[in-house]
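K.L.:
Here is a sequence with its predicted model. Questions after.
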Amino acid sequence: MKGQHAVLGSGSSQTQVLGTARRERLTVVDNEAVGPYVLLRLERSGMEPGVPGQFFMLEAPGQLLPRPMSLCLAPPGELAFLLEPIGPGTRALAALAPQERIYVLGPLGNGFDLAVERPVLVAGGIGLAPMPYLSEALGGPPALLGFRSERHAEAARLLPGAEVVVEPRLVTELLPGEPSDILACGPEPMLEAVRELAPSAQLAWEAPMACGYGACYGCVVEVEGRYIRLCIEGPVL
Amino acid sequence: MNVPVLNASGCLDALTAPEVAATLDAFVTKTVTPLPREGNPPPRIAEVDGWMLNSIGLQNPGIEVFSTSVLPRLQDLGVPLWVSVGGFSSSDYKTCCERLDDLDAAQVIELNLSCPNVDEAPETVVELVQASRSATSKPLYAKLSPATPDIAELARSVADAGANGLSLVNTLRGLALDQATLRPRLALGTGGASGPALRPIALACVYACANAVELPIVGIGGVMSGADVIDFIAAGASAVALGTVLFADPLSPARIRDELERARSRGYSSAVEIRRLAHGLAFASRT
Ligand SMILES: Cc1cc2nc3c(=O)[nH]c(=O)nc-3n(C[C@H](O)[C@H](O)[C@H](O)COP(=O)(O)OP(=O)(O)OC[C@H]3O[C@@H](n4cnc5c(N)ncnc54)[C@H](O)[C@@H]3O)c2cc1C
Ligand SMILES: Cc1cc2nc3c(=O)[nH]c(=O)nc-3n(C[C@H](O)[C@H](O)[C@H](O)COP(=O)(O)O)c2cc1C
Ligand code: FES
């Protein structure tokens, strides 16, 4: 099927989570190694990049279900995603060649609230993914990045000027003493640690997702004793 | 060929994606139980070898909140509604059916008699259908498990117990292990397996039941394309429901209808005609 696309919603009703999301088949521009990660660049076609922290569901060739990915960069005419190849879906995405095409649905979920006075970006590992686009939207605020090895830390080049630590040092050691508005993404233990130190931080969480639009109830996280769907209530909570 | 296309229970939330629900011939709710349920702990889903595993655990607001605040909002969408009900005893099924009986918005009640992710009722499937029948005059569709030794025999028994239709099939129980740790990938261990690999199993169930009973059948299990719908109609279904495919492609109802339309231009025009191809003449003359 060629060039199938559609606007899924009018965006007029608050309950319509698909809102302005579209589903289109996008062409791969390039797939570049960034340390152990891969930057997948797609032609943007008619898709909106959305708000930093929102995500897209990417068709992973050979897999039944699409995989959720945060938008990393929105260069003119493109959407770019930073992938960590850790399993069959992410490996299939990392193996895409220029001119191949995949279905993409998005933007989905709730991104970061950008109305903050003293933003500081904090990311661990692949949690770097949404930060370049977020940094651009906020005019290049201070950023703190933690990686598990020097090789992983090569990806810090996507966020020039960031302060970088490599394990055994932890990114939480760099958190500023003075009041700040923290926007963070990374592995769960890191997010828990950030929340401990900065209870009002905006945190971008992960969960396995089948649909990304509230249909499957697969992505729940526990908040105050209740299971909420991360894809429509988050991923930024 | 005009084949009703529904969603499979638990595979779409019409309130969060009304634009998708609007593309269906009827919306089937997630299974509702008498009391509210938070559902199973995460992780609840995993993909393995072309299957999807899920262990949602019937997260739902309970029949009371469903009836008073969810159903009216669903009714506003203007799509015919099927309400899926479930429980842990025949009195649970009875409670739900009684509550729905005088609510016009619920056109059909689907009895989820086959969820692999929660404890089973002590009664037999037939007893659950009988209890439900005693509580409502609405059309009842019995949703059966493909892991049934003789599904044709069961179909005859649920027909005798008062079911008006069959929904075939629910998921199969499966297990996926994390390759590094060998721990189950889902929090509760096993989950229900769905997706295209379920299709031949579902087709065998539809085929067997269509030969055994006169009830209308909703074909469910790995429908991904218009060609799959034709398989289900040929096997004996009169409608299909889309499950896992909706996660990968929320536009699949419209796409699948297009594909069916194109099948007609290839020469398949009626359900009876393609059923005759799959079952032989005897079956076709019966329908
Ligand atoms: C909103 C959201 C945004 C996301 N954004 C990004 C993004 O921008 N870039 C990105 O790379 N990922 C992102 N992810 C995570 C990504 O979606 C998953 O890594 C991906 O779905 C995994 O699919 P898979 O088939 O490769 O691996 P799976 O088959 O799902 O997992 C393979 C195996 O790896 C294990 N595993 C899971 N996570 C890890 C891990 N972190 N390290 C090592 N092993 C692990 C699993 O337990 C499993 O055994 C995001 C997730 C969400 C919910
Ligand atoms: C995430 C998920 C949730 C489900 N929830 C229910 C449910 O609440 N009640 C029910 O009767 N079936 C439920 N099912 C089963 C589906 O309705 C359907 O029978 C099954 O997935 C097979 O169809 P498929 O292969 O097209 O997905 C669920 C399936 C999935 C994948
Ligand atoms: S991913 Fe399906 S409900 Fe969130």
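P.N.:
Perfect, I can see it now. Ligands and ions are numbered 1, 2, ... in the order given.

K.L.:
For the rest of this, base every contact and every neighbour count on C-alpha atoms.
P.N.:
Noted.

K.L.:
from chain A, which residue is nearest to ligand 2?
P.N.:
The minimum distance from chain A to ligand 2, using CA to the nearest ligand atom, falls at A:C216 (4.5 Å).

K.L.:
Need the residues that contact stretch B:3-12.
P.N.:
Here stretch B:3-12 makes contact (CA atoms under 8 Å, 6 or more residues apart in numbering or on different chains) with A:214-216, B:21, B:24-31, B:84, B:220, B:238-244, B:246-247, B:253.

K.L.:
What are the boundaries of the strands in chain A?
P.N.:
In chain A, strands defined by DSSP state E lie at A:5-7, A:22-34, A:37-43, A:55-58, A:67-70, A:78-83, A:101-108, A:119-124, A:143-147, A:163-166, A:181-185, A:202-204, A:220-223, A:226-229, listed in chain order.

K.L.:
quick revisit: next one: the nearest residue to the residue of chain A closest to ligand 2 once chain neighbours are set aside from ligand 1, what distance?
P.N.:
Excluding the flanking residues, the one nearest A:C216 by CA to CA, 6 or more residues apart in numbering or on different chains is B:C11, at 5.4 Å. Computed as CA to the nearest ligand atom, to the nearest Å, the B:C11 to ligand 1 distance reads 18 Å.

K.L.:
Next, count neighbours for B:C11.
P.N.:
By other CA atoms under 10 Å in any protein chain shown, the residues close to B:C11 number 22.

K.L.:
quick one on the thing from earlier: isn't the residue of chain A closest to ligand 2 right up against A:P208?
P.N.:
No: at 11.0 Å, A:C216 does not count as touching A:P208 under the criterion of CA atoms under 8 Å.

K.L.:
of these two, who's got more company?
P.N.:
Shown here are A:C216 and A:P208; by other CA under 10 Å, A:C216 has more neighbours (26 against 19).

K.L.:
one step back: would you mind giving the strands of chain A as TSV with distance to B:K138 and mean neighbour count added?
P.N.:
Shown next, in TSV, are the strands of chain A (distance: least, CA to CA, whole Å; neighbours: other CA atoms under 10 Å in any protein chain shown):
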stretch	distance to B:K138	mean neighbour count
strand A:5-7	37	16
strand A:22-34	38	20
strand A:37-43	51	22
strand A:55-58	39	25
strand A:67-70	40	24
strand A:78-83	50	23
strand A:101-108	38	24
strand A:119-124	55	25
strand A:143-147	60	26
strand A:163-166	64	18
strand A:181-185	50	24
strand A:202-204	46	24
strand A:220-223	34	18
strand A:226-229	32	18
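
K.L.:
Among those, which comes closest to B:E47?
P.N.:
Taking CA to CA, strand A:67-70 is the member of these nearest to B:E47, at 10.5 Å.

K.L.:
and that closest one, what's its mean pLDDT?
P.N.:
Throughout strand A:67-70, pLDDT has a mean value of 98.

K.L.:
Chain neighbours aside, what residue packs nearest to B:D258?
P.N.:
Leaving out its chain neighbours, the residue that sits closest to B:D258 by CA to CA, 6+ apart is B:G226, at 7.6 Å.

K.L.:
A:G234 now?
P.N.:
Closest residue to A:G234 apart from its sequence neighbours, by CA to CA, 6+ apart: A:N110 at 5.3 Å.
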